[in-house]
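Colleague: pasting a predicted model and its sequence here:
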There are 2 protein chains.
Amino acid sequence: MDEQPWNRQRLRSNNEWLLLEHLRNAAPASRAQLARVTGLSKPTVSSALAALEQRGLVREAGTALPERGRTAVLYEPDPTAGYVLGIDIGRARLRAAVADLSGEVLSRIDVPNTGRTAAALADAAARAAGKVMDSADVSADRVVHAAVGTPGVFDPEDGRVRYAVNLPGWGRAGLFDKVREQLGGSALELSVHNDANLAALGEYAFGAGRGSKLFVYVLIGTGLGIGIVSHGELFTGAHGAAGEVGFLPLSLGSPELLRHGPRRGALEEAVSADAVVRTARELGMTGRLTAKRIFDEARAGTPAAVAAVRQESERLALVVAAVSAVLDPDLVVLGGGVGRSTDLLLAPVRAALHQTTPLRPALAPSELGDNAVLLGAIATALRSARPRVFNLPTNQTHAS
Amino acid sequence: MDEQPWNRQRLRSNNEWLLLEHLRNAAPASRAQLARVTGLSKPTVSSALAALEQRGLVREAGTALPERGRTAVLYEPDPTAGYVLGIDIGRARLRAAVADLSGEVLSRIDVPNTGRTAAALADAAARAAGKVMDSADVSADRVVHAAVGTPGVFDPEDGRVRYAVNLPGWGRAGLFDKVREQLGGSALELSVHNDANLAALGEYAFGAGRGSKLFVYVLIGTGLGIGIVSHGELFTGAHGAAGEVGFLPLSLGSPELLRHGPRRGALEEAVSADAVVRTARELGMTGRLTAKRIFDEARAGTPAAVAAVRQESERLALVVAAVSAVLDPDLVVLGGGVGRSTDLLLAPVRAALHQTTPLRPALAPSELGDNAVLLGAIATALRSARPRVFNLPTNQTHAS
DNA sequence: AAAGTAAAGTTAAATTCCTTTACTAATGAC
DNA sequence: GTCATTAGTAAAGGAATTTAACTTTACTTT
């Protein structure tokens, strides 16, 4: 129940929003269908739809012949009513994409992250965004919202990123203001989010997490983080740091870790990609080791690699078990660089989980892979953009 | 934004609800005040208030003289519009209370839990509830909602309680239906909740958790559980088992626990009241040991007791650290039998937390103590009852 | 081919609830 | 007693909804 007074204008606006949402779920639809399904009367639907069409939020989408009777005029949301921008600032790569309001990606770009300084990185991100907007032929003033994904926790109070240990200088203030200015529109809203959170939302909106009640996405790569989506909403905690499981104080059964006692970021060090490499080296593997190579060798049966992977999966299982005990998710998705090797990880994690706790969420591999963060940024931008476009005073619609 | 059509009746009803909520926060208030603060016009407030008064939801509450001008008639919610029942089925004691819609407890009872069987226990609970209703002079048909707290996880699908390891036979189906029948009203709604969750809500509504954005209540006693309140709403997970941290797979640095590897309920065994007793015994204490006695001896300086308490607090710190890393709460409250000894636990837990993680929630002792679950049940029942009373077709009001 | 039927959509009237404006009522200050 | 100020009411007007009747269109039946 609401905290604002309901006058008639708000009532009208609400019913228009209701119709728009219905159309998003079941487009195209005729006025009569909408009246039946929303419970509104036919005249109300007609006039609301006319208003929506005038504002450029809805458009005709052909006709349909019912079994008997007059042909119906169909309507759908107009995806060109606005556009959104998603930017994924990863430690290794930089990605950006433009999508219309229906969520369709019109253009995307994926370049190596060569930024040596934070300022150069911000600049490169803005340029990449400019490029996708160009190639999608979308001008800056038509972009309603841009969502940026980055490691660490963004504090909207002072505009800084905290806990971004792998990006030097990335904690400086004002970086994102500069990106916004460079993108052009002062009308442009720009929001910054944790990458694991965005990946979770992406996987929830477009991937393996669809329909889950409480969905946990585990991002294992250079770092370790989880994103939590509860009933479709991101769960961020009191300061936006929920899911920073790198700080879990698990002793993890390793005598070496135990000797030093619990300390900061212990788990992150134990589960991230570097940890796999370190373990493999300790077990006797040599040469230029990467997590990817170790997983490949494990598939081929190299004993040291197999052992390293087993240790990794055991530790991962502890993370999943700990998160499950606290949150009780119905689905846990593994993603990120290491998470991609789910063929090797899923079964042992599942087995370990069965030994530890009766709370057994379904385990699944990521469906979106490397695109999770980017698509999550798009999904997040859409969430902000759709109400914003709807509430825009007089949609300065282009001629149609 | 909503999923239902907004006709005029719903608009009216919404504005009435809005006024009622405002009155609950700032009663008593005059019509003019309400108009100013809600943004509704004075005539609307007048007519809505008249309707509310006619339905028995609101009543006059004297008059007030403004600095200048005519005397104002004040209104307040009528607390006698309905009553709620809270029942706390604890492992050791049985508690029940009746409150009016304002949340004021009119009568309460607290008896030892002597039930040998689940059926006898259910019967005793119903009888205790009957007694408080009698002594508060509230008939069963005026009770709108009853909330029951119990260990374990209640599954509303089949009406059973799971994971209630300390109450024999408590997993049987139909137990709560019988309680409801015994209480009388078929109109009576009865809901069943986990005790840690209720304690959390109680502490959030009436105690130390007020105003917290993300609040965690740790219930340490015969068992171990946490309740999570996120932005005023209980966080229950996908199957209602969120916060069952007894299943946390922490190895806890104890070689003994490590030898067996992680297993089910390991943490619960390590942190509950029994664990303190066990540790103290291993450390050489003898005689009839209870957790309470050990804490008392620790205060007196008995070395073995001091050591046992230190170990307990270290383990507890790991739980709090793990929960903090996953959830990022701004406040953690310790409650329950062992949690009551916060003078001994709080400082070491805080110190250990500082070593483990930069995410440092405020730590505080319970304010409600043994009443947390019962008051949480009242708070929960009120949440259900208030909208229900509001939506009751024609409040069959008693003569006033 | 004409008549019937059913569905889509429109029109017009009635209804409801809100706001605005203008008013009355009551009280302290002067 | 008058003025200023605040509380509350009454009447008028307006916005958005619903109901019910109507028109339009296309297929089906005879």
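Modeller: On my side now, so go ahead.
Colleague: alpha carbons only for contacts and neighbour counts from here, please
Modeller: Fine.
Colleague: grab the nearest non-local neighbour of A:Val111.
Modeller: The shortest distance from A:Val111 to any non-neighbouring residue, by C-alpha to C-alpha, 6 or more residues apart in numbering or on different chains, is to A:Leu94 (5.3 Å).
Colleague: can you list the neighbours in contact with the helix or strand hosting that neighbour?
Modeller: Element membership for A:Leu94, per DSSP states H and E: strand A:93-100. With contact meaning C-alpha atoms under 8 Å, 6 or more residues apart in numbering or on different chains, strand A:93-100 is reached by A:79-89, A:105-113, A:125, A:128-129, A:132-133, A:136, A:374, A:378.
Colleague: buried subset of those residues, written for ChimeraX?
Modeller: Typed into ChimeraX, the next command selects the buried ones out of the contacts of strand A:93-100 (criterion: 16 or more other C-alpha atoms under 10 Å in any protein chain shown):
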select /A:79,80,81,82,83,84,85,86,87,88,89,105,106,107,108,113,125,128,129,132,133,136,374,378
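Colleague: among the contacts of strand A:93-100, which are in strands?
Modeller: Mapping the contacts of strand A:93-100 onto strands (DSSP state E) picks out A:83-89, A:105-112.
Colleague: okay, now the sheet partners of the strand holding A:Leu94, with direction.
Modeller: Applying DSSP bridges, strand A:93-100 is found paired with strand A:83-89 (antiparallel), strand A:105-112 (antiparallel).
Colleague: tell me the buried residues in that strand?
Modeller: A:94-100.
Colleague: end to end, how far does stretch A:104-121 reach?
Modeller: For stretch A:104-121, the first-to-last residue distance is 27 Å (C-alpha to C-alpha, to the nearest Å).
Colleague: run the chain-centre distance for it.
Modeller: Centre-to-centre, stretch A:104-121 and its host chain are 17 Å apart (C-alpha atoms, centre = their mean, to the nearest Å).
Colleague: I'd say A:Ala64 and A:Gln33 touch.
Modeller: No - between A:Ala64 and A:Gln33 there is no contact under C-alpha atoms under 8 Å: 11.5 Å.
Colleague: ok, back up a step: pLDDT of the strand holding A:Leu94, averaged?
Modeller: Taken as a whole, strand A:93-100 has an average pLDDT of 95.
Colleague: swap in stretch A:230-241?
Modeller: Mean pLDDT, stretch A:230-241: 91.
Colleague: hmm, A:Cys363 is touching A:Val332, no?
Modeller: I think there's a mix-up here, since residue A:363 is Leu and not Cys. Yes - using C-alpha under 8 Å, A:Leu363 is in contact with A:Val332, at 5.0 Å.
Colleague: which helix is the longest one in chain A?
Modeller: Ranked by residue count under DSSP state H, the longest helix found in chain A is helix A:303-327.
Colleague: of all the buried residues of strand A:93-100, which comes closest to B:Lys42?
Modeller: Nearest to B:Lys42 among the buried residues of strand A:93-100 is A:Asp100, at 44.5 Å by C-alpha to C-alpha.
Colleague: for whichever residue of the stretch 101-250 of chain A sits closest to DNA strand D, which non-adjacent residue is spatially closest?
Modeller: Of all residues in the stretch 101-250 of chain A, A:Leu101 sits closest to DNA strand D, at 23.9 Å by C-alpha to the nearest atom of the strand. Nearest residue to A:Leu101, sequence neighbours excluded (C-alpha to C-alpha, 6+ apart): A:Pro79, at 4.7 Å.
Colleague: so the one you found sits right up against A:Ser102, yeah?
Modeller: Yes - A:Pro79 is within contact range of A:Ser102, at 5.1 Å (criterion: C-alpha under 8 Å).
Colleague: please, which helix or strand holds A:Ala147?
Modeller: Taking DSSP H and E as the definition, one finds A:Ala147 inside strand A:143-150.
Colleague: give me the contacts around that strand.
Modeller: By C-alpha under 8 Å, 6+ apart, the surrounding residues in contact with strand A:143-150 are A:82-90, A:187-195, A:198, A:373-374, A:377-378, A:380-382, A:384-385, A:388-389.
Colleague: also stretch A:107-126?
Modeller: A:87, A:89-99, A:128, A:131-133, A:135-136, A:167-170, A:172, A:175-176, A:178-180, A:182-183.
Colleague: thanks again, I'm all set now.
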